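>>> Pasted the sequence and its predicted model underneath.
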Amino acid sequence: MTELELLGPTAWGEACGEAQLKAIAEDFQVDEVLDIPLTGEGEHLWLWVEKRYLNTEEVAKRIARAIQVPLRQVSYAGLKDKLALTRQWFSIHLPGKMDPDLTTLESDQLHIVKQIRHQRKLQRGTHSANGFIIRLTQLEADQKLLVERLQLIAKQGVPNYYGLQRFGFDGSNVEQAIEWANQQAYPEQRNIRSRLLSSARSYLFNKVLARRVSMGTWNNLIKGDVLSFTDSRSFFPAEQLAANDTRLAELDIHPTAPLWGEGELATTAQALQQEQTILAEYQQLTTWLQSANMRQERRVLRLPVNDLTWHFVEPTILQLNFVLPTGCFATSVVREIVSLKATEDKCTY
C-alpha cells in the first residue's frame, strides 16, 4: 500500500521543502504528560523511564526480568517510538515488597530518572498528553514559507490522521486485516488480533478524514455532523451549537468521524450519507469489526497543535516544540510542513 492510500491528502498545500526526521534518537523526543498526583506510598512502584532505541514492550520485559516479576505486573500508559528519545511512566505491582534494586536496568539505552510509590497501577491511556521536541535535519526549504506554514498550523491545526506507524511496515497490518476480513476469521493470538483490529479501524477513519480534507470540510461543519471536545470520547449533534458559539473556531470542539464497530452511525443528513458512501466500499472490513464486538466510537477530525514553537538551530536544522493529545501523531504535523527524505527507519514501536 502507498502512503497516499493510508493517509490521504494534506490540508495546507504542498510541502514547504524537505528534511530528514530521526537521523538520531535525539531528533524525536517525547515526554508523557501525567496529571496524576503520586502519593509516595502504596503497593505500586512507578518509574519515570528515559529510553532510546527500545520500544515500550521491550522496556516492560527488561523491568520484569530485572525485578523477577511476571510481565503482567508491569504496566504503562502508552506505546512510545523505538527510534526516539522518550520519557514515560511504568508501574510495577509489588504488594508487600521493598523497592527493588534497579541498577541492573541502567544502560546507554535505558535510564530510570526517578521512582515513587502509589496506591494504584498505571492504566493504559492514563497520561493526558505527549510533549514533543522534533528536529528536522538536512532541511532544504524557504524559511519564510516555513514560518508562514507554522503560524497557520498553530492557529488552525492539522488533519488528525493516524500515522503510518499504526499500519505496520508498508501497511502490512492493514493487508493482514483485509485477509482475515475476507475470511471473516480472526487470529488466535490476542495481541495480533488486537493490533489488526485497531489498524483496520484506523484505516477506515483515515479514509473518511481523507474525503473531508479533499472537500475542505475537515475543520468546519457539514449538515448532520456530530462534534466532540479534543480530549473527550463523548460527542453531541452539531445542531446543538448556538449561532454565536465560538468553540469550533477556537479549536475547542471539532467534527468527528467513526471508529467503526457495533452500533449505528451517530451522524445524520449529509454527514451520514458521506460516511455511509465511503464505508460501503469496505464492507468486509466493517462487518469483520462488528463481528469482533468492537464498540463504535468517534474521533475528532482536527488536531490542535498546542504550545507550538519553533526555531532554526542552524539554517539546515529546524526544531519544533509542541504538545498533542494522547493517541495523536507528531508525524501528522510534520507532513503538513515538509516532505521527508528517505531513511532506513522502518520501525516506530
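That came through, no problem.
>>> What mean pLDDT does the longest strand anywhere in the chain get?
Using DSSP state E, we find that the single longest strand of the chain is strand 129-141. Mean pLDDT, strand 129-141: 96.
>>> Could you point out which residue ranges in the chain have low pLDDT?
1-4, 343-349 (pLDDT under 70).
>>> residue with max distance from the center of it?
G96 (36.2 Å; CA atoms, centre = their mean).
>>> Report the contact partners of L279.
204, 207-208, 258, 260, 286 (CB atoms under 8 Å, 6 or more residues apart in numbering). Any C-beta I mention is one placed from the backbone N, CA and C, and that applies to glycine too.
>>> The same query, at a cut-off of 10 Å, please.
204, 207-208, 257-258, 260, 265, 285-286 (CB atoms under 10 Å, 6 or more residues apart in numbering).
>>> between the residues you listed, which is nearest V113?
A257 (37.6 Å; CB to CB).
>>> Sheet partners, orientation included, of the helix or strand harbouring that closest one?
Secondary structure from DSSP states H and E places A257 in strand 253-259. Neighbouring strands of strand 253-259 in its sheet, by DSSP bridges, are strand 226-229 (antiparallel), strand 297-300 (antiparallel).
>>> and the closest residue to V338 other than its chain neighbours, what are its phi and psi?
In this structure, V338 finds its nearest non-sequential neighbour in A19, 4.7 Å apart by CB to CB, 6 or more residues apart in numbering. Dihedral angles of A19 (phi, psi; degrees, to the nearest 10) stand at phi -160, psi 170.
>>> distance of the nearest residue to I36 once chain neighbours are set aside from V33?
Of all residues not flanking I36 in the chain, T126 sits nearest, at 6.7 Å (CB to CB, 6+ apart). Counting by CB to CB, to the nearest Å, the gap from T126 to V33 is 11 Å.
>>> now swap in R135 and tell me
R135 is 20 Å from V33, where distance means CB to CB.
>>> Could you dump the contacts of L279 into a markdown table with distance to T86 and neighbour count added?
Shown next, in a markdown table, are the contacts of L279 (distance: CB to CB, whole Å; neighbours: other CB atoms under 10 Å):
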| residue | distance to T86 | neighbour count |
| --- | --- | --- |
| L204 | 28 | 23 |
| K207 | 30 | 19 |
| V208 | 30 | 24 |
| A257 | 28 | 29 |
| P258 | 30 | 22 |
| W260 | 30 | 28 |
| L265 | 36 | 17 |
| L285 | 32 | 23 |
| T286 | 34 | 20 |
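>>> In which helix or strand does E250 reside?
Going by DSSP H and E, E250 is not in any helix or strand.
>>> Contacts only, for it.
Residues counted as contacts of E250 (CB under 10 Å, 6+ apart) are P304.
>>> ok, T126 and V33, which is more surrounded?
T126 (19 against 13; other CB atoms under 10 Å).
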